[in-house]
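In: Here is the input, now give the coordinates:
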Amino acid sequence: MSVDDGPSRTGDVARRLERSAASLGKYRESLMRDSLIVAPRRGVVDFSMPYVRDYLRKGALLSI
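Out: Got it, this is the predicted structure:
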C-alpha cells in the first residue's frame with residue numbers, strides 16, 4: 001500500500017503480492033481490527049494514521 005499515493009485498490013495490492021484478493025481477506029480484517037487500515041469504500045483500503053505511508057517509504061529507502 002505504501003507505493004500508492006493515496007488509498008489502494010485491494011485488487012492492486014493482491015496483484016503486487018501475486019495473490020488473489022480473496023486470499024488476503026483475513027489479513028485485511030486483522031489490520032482493520034487493529035485499526036491500522038480503514039476501508040473508505042468497497043474494494044479500497046488506506047492507512048488509518050497520517051504519515052504512515054511516508055514513514056514506510058522512508059524506511060524502505062534506508063534499507064536499500
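In: Look at the nearest residue to residue 48 once chain neighbours are set aside and give its secondary structure.
Out: Leaving aside its sequence neighbours, residue 48 sits nearest to residue 38 (C-beta to C-beta, 6 or more residues apart in numbering; 4.7 Å). In this view, the C-beta of every residue, glycine as well, is placed from N, C-alpha and C. Recorded secondary structure, residue 38: strand (DSSP: H, G, I helix; E, B strand; the rest coil).
In: neighbours around residue 38, how many?
Out: For residue 38, the count of nearby residues is 14 (other C-beta atoms under 10 Å).
In: Next one: it from residue 18, what distance?
Out: 25 Å (C-beta to C-beta, to the nearest Å).
In: swap in residue 30?
Out: From residue 30 to residue 18 the distance is 20 Å (C-beta to C-beta).
In: Doesn't residue 12 belong to a strand?
Out: No: under three-state DSSP, residue 12 sits outside any strand and is assigned helix.
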